[in-house]
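Novice: test case, fold it:
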Amino acid sequence: MDKNILQKRLMESFNSKGVRFSNYQDIPQFVTEKLENIDTTEHYEKSQLNLDHARYEFLENSLECNSLSVTEIGANLGYFLLRLAKEQKCVVTGYEPISEYAQAASLMSQFTDIDDYCTFHSKGVLFDDIGSLPTCDLIIELNVLHHAGNIFDKEKVASFSSWEAYAINRLAAMRDKASHLFIQTGNSQENIQLFPSEEAVSHFANILSQAGWKVKSVGTIQNLNNLTYTLGSLNDPQSYTTYKCHRNLDTGLVDYKVNSEVVGSHQTGLANRPVWLCE
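Specialist: Reported below is the predicted structural model:
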């Protein structure tokens, strides 16, 4: 497809309105550098904390990524897969239920000439779909799991009698499909707390263990000002940081507390969610 047509279609995708979870990811820098004549008044702007680059760095620092086969569940705009394909020559496959996002990711891969490495599907991955996924070196699933029972797999979560039992079984099914897992999850859905935010490391580590995964690396944000992940050890609680998070109705921001003291505030609680590399 002609590059001018691709660029026009990309900008139309970036500026589409009214999609839930909209503007969640960054556009990779190598894509924006290639775009020309952008009207900045209409240009895509992310509505989430700037953690995509930090998470990508954590992944690269935790795993040799060159030429891996990678599957991402909930790929959104494809930030991680596009970078892995461009920078690491990985063969990547993304599953994204929001069709506009999957289309935008596919357009970006074509626009930057990495589409030979990339495949994006306009569909999600339910529990019963995991068995049909191709085996790969790495599965990525970022901030998908806590939506189970609310956004997807409602009947399946009910059949397991709890979100936690569902999570263990879903992660165990992934264990049969990949040698490594890069994952992040929230601790609540709507007004339901799945586990305490201050137990984001200890509680989810137990879930991963029960699912058969061994934690290779865990990263948490210890400085809420610079938003980078610090490598921690499950054997040393002093090496990782979690917070008690609560939405402040007066400010509209999420307050991050340690020992009942507010140590920072952000638009979302994403900075309290650890990132995990498992094998």
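Novice: lowest-confidence helix or strand of the protein?
Specialist: helix 3-14 (a mean of 70; mean pLDDT, DSSP states H and E).
Novice: next secondary structure after that helix?
Specialist: Note on helix 3-14: by DSSP states H and E, the next helix or strand toward the C-terminus is helix 29-32.
Novice: in that next one, what counts as buried?
Specialist: V31 (16 or more other C-beta atoms under 10 Å). Just so you know, the C-beta spots here come from the backbone N, C-alpha and C atoms, and that holds for glycine as well.
Novice: from now on call the first residue 29
Specialist: Sure, I'll start numbering at 29, so the last one becomes helix 57-60.
Novice: following it, which helix or strand shows up next?
Specialist: As assigned by DSSP H and E, the chain's next helix or strand after helix 57-60 is helix 80-90.
Novice: now do the helix or strand just after that next one: everything it contacts.
Specialist: Following helix 80-90 in sequence order, the next helix or strand is strand 97-101 (DSSP H and E). Strand 97-101 is contacted from outside by 106, 108-109, 112, 118-123, 152-153, 161-162, 164-170, 172, 205-206, using C-beta atoms under 8 Å, 6 or more residues apart in numbering.
Novice: ok, strand 97-101: who's next to it in the sheet?
Specialist: strand 119-123 (parallel), strand 164-170 (parallel) (DSSP bridges).
Novice: so S245, which state does it fall into?
Specialist: Applying DSSP: H, G, I helix; E, B strand; the rest coil to S245 yields a three-state assignment of strand.
Novice: how many neighbouring residues does it have?
Specialist: If you count neighbours by other C-beta atoms under 10 Å, S245 ends up with 19.
Novice: cool, and the one 4 residues further on?
Specialist: Around I249 there are 26 other residues, counting by other C-beta under 10 Å.
Novice: and for A176?
Specialist: With other C-beta under 10 Å as criterion, A176 counts 22.
Novice: need the contact list for the spatially most central residue of the chain.
Specialist: By C-alpha atoms, centre = their mean, the chain has its centre lying nearest to L170, at 2.4 Å. Listed by C-beta under 8 Å, 6+ apart, the contact set of L170 reads 83, 100, 102, 108, 210-212.
Novice: now with 7 Å?
Specialist: 102, 211-212 (C-beta atoms under 7 Å, 6 or more residues apart in numbering).
Novice: dump those residues to a markdown table, plus distance to F223.
Specialist: What follows is the contacts of L170, written out as a markdown table (distance: C-beta to C-beta, whole Å):
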| residue | distance to F223 |
| --- | --- |
| G102 | 20 |
| I211 | 15 |
| Q212 | 14 |
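Novice: nearest to F58 among those residues?
Specialist: Nearest to F58, judged by C-beta to C-beta, of the contacts of L170 is G102 at 22.1 Å.
Novice: ok, the nearest residue to that closest one once chain neighbours are set aside to F58 distance?
Specialist: Ranked by C-beta to C-beta, 6 or more residues apart in numbering and with sequence neighbours excluded, the top spatial neighbour of G102 is V172, at 3.9 Å. Using C-beta to C-beta, to the nearest Å, V172 is found at 25 Å from F58.
Novice: same check, this time on L77
Specialist: Distance from L77 to F58, by C-beta to C-beta: 22 Å.
Novice: ok, now S137?
Specialist: 11 Å.
Novice: which stretches in the stretch 179-307 of the chain count as helices?
Specialist: Here the stretch 179-307 of the chain has its helices, by DSSP state H, counting those that start in this stretch, at 182-188, 191-203, 230-238.
Novice: list the contacts for I167?
Specialist: Taking C-beta under 7 Å, 6+ apart as the test, what I167 contacts is 99, 101, 202, 205-206, 209.
Novice: and G159, by the same measure?
Specialist: Contacts of G159 (C-beta under 7 Å, 6+ apart): A201.
Novice: kindly confirm my reading that it is in a strand.
Specialist: No: with three-state DSSP as the criterion, G159 is helix rather than part of a strand.
Novice: test for you: state the pLDDT assigned to it.
Specialist: Looking at G159, its pLDDT is 97.
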